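# starting from these lines, generate the structure:
(one chain, ligands or ions: 1)
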Amino acid sequence: MTNLPSEIDVAIIGAGAAGLGAARALENSGLSVIVLEARDRIGGRARTVMAAPGIPFDMGCGWLHSADQNSFVAIAGRLGVEIDKTRAPWRQQSYDRSFSKDDRASFFAASDAFYERAERAAEHGPDAPASTCLEPGNRWNPMLDAISTYINGVELDHVSLHDMDAYENTEVNWRLPSGYGALIAAYGAPCPVSLNTEVSVIDHSGPRVKIVTSKGTLSAAKVIVTVPSNLIAGEAIRFDPPLPGKVDAALGLPLGANNKVMLALSGDDDLPKDAGLRGAATQSGVGSFHLRPFGRPCIEGFYGGAFARELEDAGDGALSAQAIDEVVALLGSNYRSRLTPLVETRWVHDSFSQGAYSAAKPGHAAARAMLAAPVDGRLFFAGEATSPHFFSTAHGARDSGERAAGEVIAARTRTKV
Ligand SMILES: Cc1cc2nc3c(=O)[nH]c(=O)nc-3n(C[C@H](O)[C@H](O)[C@H](O)COP(=O)(O)OP(=O)(O)OC[C@H]3O[C@@H](n4cnc5c(N)ncnc54)[C@H](O)[C@@H]3O)c2cc1C
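Model prediction:
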């Protein structure tokens, strides 16, 4: 942990994947750098905890999405961290018992047709809610909506078609047995971070930028802001003079709701390892389950959208109780006594994230570039919400930090740092 200096070349606000990516990219730049982090740990929405002995649990990011283009894959290689390439349990790996093979084939045909319609509509038409591409009356619409809550944190009527189309999904998804949060913490370990340092004001009215924090004030030549879009939208950090364009951009990129729950599974290992479990949903508020991840004695549940928000609002234990009820309904009442809640997340009530990940509102796909744009060659912006094609992910966040660091270095040749 680094103490708060009174003057610095570059202050980075937030020690999530984006802030750490920026700090690592500035390592040999000759600039003095400090990362200001409100929490008592680095990683932000990347966090691995031990749910039980032998069961690391990623409370936030868990999947190396678009793994063939994911910058954390090479980083894991450099750090000697094991990567698991078992196929994700979302399609072929589904568990037959709850969602028959025929129903699955019918659902995936409807899903493929929906995404093709959405792609065509995005390429040839104006922006609109993604829900406009659903086939009216199709029996799988609630399930497509449920999948949207997992991917976007919101139902399809809240998702911009153009934004959805901009996301690069290479369909290669890998995992880290020791946890994605643990990898990001190891990646960020060399960074100079001042923890428990909450930034409240960025005063850019003078020749240097004055940053007011819970630990005192410091002045910086340049600042990289990486806090989640909801905090910019709600002006949890106040810019002086104000930056209404940034607030508007962030308002178009709200964080949706996603939460996970880890349940311990006792008894015989009669369930398949690394299989997906879900019913043929007739409603969008439903969990998606990962049976025995890495062969471990547990089941991980994932919820999104309005239902995840509702369960979080209902208080501690509501998510676990819902997950157990759903697993029991799908697998049988003998599972009730075999399942014990270990950990559940509450990302919407977390003051320093206020949600899970960003989805552009219909009509606001351009907001990502607006949020990312530098101001006066002194204020720079990163974070998953600013990523043009890998938004909502940890690698998109990291890459955006590296991009902002590059902008700082480029601006330095034009001004005196
Ligand atoms: C449930 C869930 C599942 C997910 N699954 C995946 C997945 O499988 N794969 C994937 O790639 N991504 C996933 N994500 C998304 C991924 O975790 C995020 O996109 C990524 O971690 C965001 O990084 P960031 O640096 O942009 O933001 P953050 O990690 O939120 O970092 C911002 C930092 O700023 C700090 N901060 C906030 N306010 C202040 C302040 N006023 N002063 C100082 N510091 C402040 C915060 O404490 C935080 O540390 C998931 C997220 C959730 C919640």
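# so residue 253: helix, strand or coil?
Here residue 253 is recorded as coil under DSSP: H, G, I helix; E, B strand; the rest coil.
# and the stretch 251-400 of the chain, which residues reach the ligand?
258-260, 345, 347, 352-353, 356-357, 383-384, 392-395, 397 (Cβ under 6 Å from any ligand atom). Every C-beta, even on glycine, is put in place using the N, C-alpha and C of the backbone.
# at 8 Å instead, please
Applying Cβ under 8 Å from any ligand atom, one finds that the stretch 251-400 of the chain approaches the ligand through 258-260, 302, 345, 347, 351-353, 355-358, 382-385, 390-398, 400.
# among those residues, which ones are buried?
Neighbour counting over these (16 or more other Cβ atoms under 10 Å) leaves 258-260, 302, 345, 347, 352-353, 355-358, 382-385, 390-398, 400 as the buried ones.
# strands - which of the residues you listed land there?
Counted as lying in strands by DSSP state E, out of these, are 258-260, 302.
# domain map for this protein?
The record's domain parsing of the chain by automatic domain parsing lists 7-44+180-254+358-412, 89-172+258-346.
# wait, residue 299 touches residue 292, no?
Yes - using Cβ atoms under 8 Å, residue 299 is in contact with residue 292, at 7.2 Å.
# what about dumping the CA coordinates of stretch 15-33 to CSV?
What follows is stretch 15-33, C-alpha atoms only, in CSV (Å, rounded to 0.1, in the frame of the first residue of the first chain):
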residue,chain,number,x,y,z
ALA,A,15,-8.0,0.0,-9.0
GLY,A,16,-10.2,-2.3,-11.0
ALA,A,17,-9.0,-4.0,-14.2
ALA,A,18,-9.0,-0.7,-16.0
GLY,A,19,-7.1,1.3,-13.4
LEU,A,20,-4.5,-1.5,-13.0
GLY,A,21,-4.2,-1.8,-16.8
ALA,A,22,-3.5,1.9,-17.0
ALA,A,23,-0.9,1.8,-14.1
ARG,A,24,0.9,-1.2,-15.6
ALA,A,25,1.1,0.5,-19.0
LEU,A,26,2.7,3.6,-17.4
GLU,A,27,5.2,1.6,-15.5
ASN,A,28,8.3,2.6,-17.6
SER,A,29,7.0,5.9,-18.8
GLY,A,30,9.1,8.0,-16.5
LEU,A,31,5.9,9.5,-15.1
SER,A,32,5.1,9.3,-11.4
VAL,A,33,1.8,7.4,-10.9
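# mean confidence for it?
Mean pLDDT, stretch 15-33: 98.
# so which bits of the stretch 51-200 of the chain are right by the ligand?
Residues of the stretch 51-200 of the chain lying close to the ligand by Cβ under 8 Å from any ligand atom are 58-65, 70, 180, 184, 197-200.
# now restrict the residues you listed to buried residues only.
Looking at these with 16+ other Cβ under 10 Å, the buried ones turn out to be 58-65, 70, 180, 184, 197-199.
# check which element follows the biggest helix by length in the chain along the chain.
Scanning the chain for the helix with the most residues, using DSSP state H, yields helix 101-124. Sequence-wise, the next helix or strand downstream of helix 101-124 (DSSP states H and E) is helix 141-152.
# pull out the buried residues from that next one.
The neighbour-count check on helix 141-152 (16+ other Cβ under 10 Å) flags 141-152 as buried.
# just the CA trace of stretch 329-336, in CSV.
What follows is stretch 329-336, C-alpha atoms only, in CSV (Å, rounded to 0.1, in the frame of the first residue of the first chain):
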residue,chain,number,x,y,z
ALA,A,329,-37.6,-28.0,-8.5
LEU,A,330,-35.3,-29.1,-11.4
LEU,A,331,-33.4,-32.0,-9.8
GLY,A,332,-35.7,-33.3,-7.0
SER,A,333,-36.5,-32.8,-3.4
ASN,A,334,-33.7,-35.0,-2.2
TYR,A,335,-31.3,-32.1,-3.2
ARG,A,336,-32.8,-29.7,-0.5
